[in-house]
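Peer 1: predicted model and sequence follow; I will ask about them next.
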Number of protein chains: 2
Amino acid sequence: MSILVVGTTALDSIKTPTKENPRLLGGSASHAAVAASFFSPVNLVGVVGEDFPKKYIALYHKHRIDLAGLQIVPGKTFHWSGEYEVNMNNRRTLLTELGVIETFQPKLPPAYQKIPFVLLSNFAPALQHAVLDQVRNPKFVVADTMDLWMNIAMPDLLRLLKRIDGFVLNDSEAQLLTQEDNIFLALKKIHKLGPKYVIIKKGSHGSILSGPHGNFICPAYPLHTVEDPTGAGDSFVGGLMGYLATAKGPVEKNIRRAMVYGSVTASFCCEGFGLNATTKTTRPKIEARVKELEKLTKF
Amino acid sequence: MSILVVGTTALDSIKTPTKENPRLLGGSASHAAVAASFFSPVNLVGVVGEDFPKKYIALYHKHRIDLAGLQIVPGKTFHWSGEYEVNMNNRRTLLTELGVIETFQPKLPPAYQKIPFVLLSNFAPALQHAVLDQVRNPKFVVADTMDLWMNIAMPDLLRLLKRIDGFVLNDSEAQLLTQEDNIFLALKKIHKLGPKYVIIKKGSHGSILSGPHGNFICPAYPLHTVEDPTGAGDSFVGGLMGYLATAKGPVEKNIRRAMVYGSVTASFCCEGFGLNATTKTTRPKIEARVKELEKLTKF
């Protein structure tokens, strides 16, 4: 089955202590869509300006991402610029130019409205709602988010949590949302807000799933070098949803392995700037790392 | 087989945001010895003053810990006082009274000198050396440490690393020792200093083993309440060594499960002040949590 991915499609200028890369392809939906493309057909919903480089359209095409839902409109593409500190754990936003994203109204092509797996990548909750308003009987809807929306659009986000099956956020965001330091108590509080599945991402410490059949402790793939972690969380949820869309059987049966596939896909993302390393990976390389993770966690 | 545990035997006064507990039984060796006692016979080497409460001697006895190596000398028992911040992650030392530990010279009873499993719990590296000088052909020697010794006794610590089989430290200590942020690169650097097995503890994020047959990602048991994490690291290594001492076959075959047993034993430690929760647990309760961790990590 195929998946629908909606979120930001952006140009990212990223500085790390050793390198600087201007105007790379970025955005939550770009990372999630490319990650998902290793597993299932992907349909992208987003907006870019007329300045959007043709080579990035070609990159989407290389991953067989359907672009019928990508609007190309007059104006400038959303541009984000950020800088990482020495240990790559802290990120500082230098610049945010919303551009065409400011007036974006997602409009799903008719063929997209019946797509069974819907991934609402990190984006304004109001726009995530606008997409949900247009899909019909989806099989599984997952939303990602970020602290920004908790600060400026909490009512929209809380309303969204009642409309989705799975919710993905990182540990500091879970703490912000629930005012709870303990991750397992935070998971319980988030379930009460709506979602049947809640996944808390912990970066290099892996992630935790809470679902109807209990918790799953998902490992992160051990990386010796992290060149640029931007988009790792988006890649994680993209890989997860891509895997789920093509795995046989119910979500409950597949979601643990889906997380491991997401985790591995995210590991490739960290090994290059922007999407550089993700686009160079292959399904066999992903499978090899999943096998490695099996060995690394067996006892 | 039995294990030898050397380290501090102390009185701990611990404050958390909600509670205060004066003069509890504490110290690296106390926590490690009690943790190990669920798996194997334990022989304790340490020193306490004449003020050491008889009820704590009784507590050691309850766990069938051999005290032939525990010196009771004139003076005051080592007393540590500390305070935890709201999220229990940051600890502040309020007071350290060395007492009888200041002039301690470990002296192993003859029966202790041939004990095959030697655990050098966190202590001054010079005293860890003094114990190693007295043991004969141990099968497996593990040392734990802390940042303090890196700051005031680095040459002794570096010399120790060439005399032990396994080294246990936490992530911030590994960073301090190697000047390396990436945990997997830090592991490689520590191997070059001597130990065949290196374990980096990451608190609630679990621990990582690096050994001759690669890495193992060990989960932490999910805790809903952490009353007092003091001694959790000591309990981890105590449980690990206790399990190893009685498991059949070579260390390499058993060390992953040993870490899981250590991790579970440490989880009980966190659920009460000082040793309150650890002493109340049982082998069946430990086995139940190990089984749970198997389910929590399976994919």
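Peer 2: All right, it came through fine. None of these values were measured; they are calculated from a predicted model.

Peer 1: and A:Leu25, what element?
Peer 2: Taking DSSP states H and E as the criterion, the element that holds A:Leu25 is strand A:20-26.

Peer 1: and that strand, which strands flank it?
Peer 2: Sheet pairing of strand A:20-26 (DSSP bridges) gives strand A:10-15 (antiparallel).

Peer 1: next, the buried residues of the strand it pairs with.
Peer 2: Neighbour-count burial for strand A:10-15, counted by 16 or more other CB atoms under 10 Å in any protein chain shown, picks out A:10-15. Any C-beta I mention is one placed from the backbone N, CA and C, and that applies to glycine too.

Peer 1: any idea of the mean pLDDT for the strand holding A:Leu25?
Peer 2: Averaged over strand A:20-26, pLDDT sits at 94.

Peer 1: which stretches of the stretch 151-299 of chain A have low pLDDT?
Peer 2: When residues are selected by pLDDT under 70, none of them lie in the stretch 151-299 of chain A.

Peer 1: can you dump the C-alpha coordinates of the helix or strand following the strand holding A:Leu25 into CSV?
Peer 2: Using DSSP H and E, the helix or strand that follows strand A:20-26 in sequence is helix A:28-36. Below are the C-alpha coordinates for helix A:28-36, written out as CSV (Å, rounded to 0.1, in the frame of the first residue of the first chain):
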residue,chain,number,x,y,z
SER,A,28,10.0,17.4,7.5
ALA,A,29,8.1,16.1,4.5
SER,A,30,11.2,15.8,2.3
HIS,A,31,13.1,13.7,4.9
ALA,A,32,10.0,11.6,5.7
ALA,A,33,9.1,11.0,2.0
VAL,A,34,12.6,9.9,1.0
ALA,A,35,12.9,7.7,4.0
ALA,A,36,9.5,6.1,3.3
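
Peer 1: what does helix A:28-36 rub up against?
Peer 2: The contact list for helix A:28-36 (CB atoms under 8 Å, 6 or more residues apart in numbering or on different chains) reads A:3, A:5-10, A:42, A:44-46, A:56, A:59-60, A:63, A:65, A:119, A:121-123, A:144, A:231-232, A:234-239, A:241-242, A:245, A:262, A:265-266, A:269, A:275, A:278-279.

Peer 1: same question for stretch A:97-107.
Peer 2: The contact list for stretch A:97-107, computed with CB under 8 Å, 6+ apart, reads A:6, A:8, A:10, A:45-49, A:69, A:71, A:73-80, A:127, A:130-131, A:134.

Peer 1: among those, which ones are in helices?
Peer 2: A:127, A:130-131 (DSSP state H).

Peer 1: can you put those residues in JSON lines and add distance to B:Gly211, pLDDT and neighbour count?
Peer 2: Output for these, formatted as JSON lines (distance: CB to CB, whole Å; pLDDT from 0 to 100; neighbours: other CB atoms under 10 Å in any protein chain shown):
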{"residue": "A:Leu127", "distance to B:Gly211": "49", "pLDDT": "97", "neighbour count": "21"}
{"residue": "A:Ala130", "distance to B:Gly211": "52", "pLDDT": "98", "neighbour count": "18"}
{"residue": "A:Val131", "distance to B:Gly211": "48", "pLDDT": "98", "neighbour count": "25"}
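
Peer 1: nearest to chain B among those residues?
Peer 2: Among the ones in helices among the contacts of stretch A:97-107, A:Val131 lies closest to chain B (CB to the nearest CB), at 29.9 Å.

Peer 1: I'd like the buried residues of strand A:10-15 laid out as a markdown table, including distance to B:Phe38 and pLDDT.
Peer 2: As requested, the buried residues of strand A:10-15 are exported to a markdown table (distance: CB to CB, whole Å; pLDDT from 0 to 100):
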| residue | distance to B:Phe38 | pLDDT |
| --- | --- | --- |
| A:Ala10 | 54 | 97 |
| A:Leu11 | 57 | 97 |
| A:Asp12 | 52 | 96 |
| A:Ser13 | 55 | 95 |
| A:Ile14 | 50 | 92 |
| A:Lys15 | 51 | 90 |
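
Peer 1: and which of the residues you listed is nearest chain B?
Peer 2: Using CB to the nearest CB, these come closest to chain B at A:Lys15, 17.5 Å.

Peer 1: next, count neighbours for the nearest residue to A:Leu161 once chain neighbours are set aside.
Peer 2: Excluding the flanking residues, the one nearest A:Leu161 by CB to CB, 6 or more residues apart in numbering or on different chains is A:Gly194, at 3.9 Å. By other CB atoms under 10 Å in any protein chain shown, 16 other residues sit near A:Gly194.

Peer 1: so what's A:Gly194 up against?
Peer 2: Taking CB under 8 Å, 6+ apart as the criterion, A:Gly194 is in contact with A:161-164, A:167.

Peer 1: scan those residues and report the most crowded one.
Peer 2: Ranked by the number of neighbours (other CB under 10 Å), the contacts of A:Gly194 place A:Phe167 first, at 26 neighbours.

Peer 1: what is the longest helix belonging to chain A packed up against?
Peer 2: For chain A, the helix with the greatest residue count under DSSP H is helix A:251-270. In terms of contacts (3 or more CB pairs under 8 Å, 6 or more residues apart in numbering or on different chains; DSSP states H and E), helix A:251-270 is packed against helix A:28-36, strand A:197-201, strand A:207-211, strand A:214-218, helix A:232-246, helix A:276-280, helix A:283-297.
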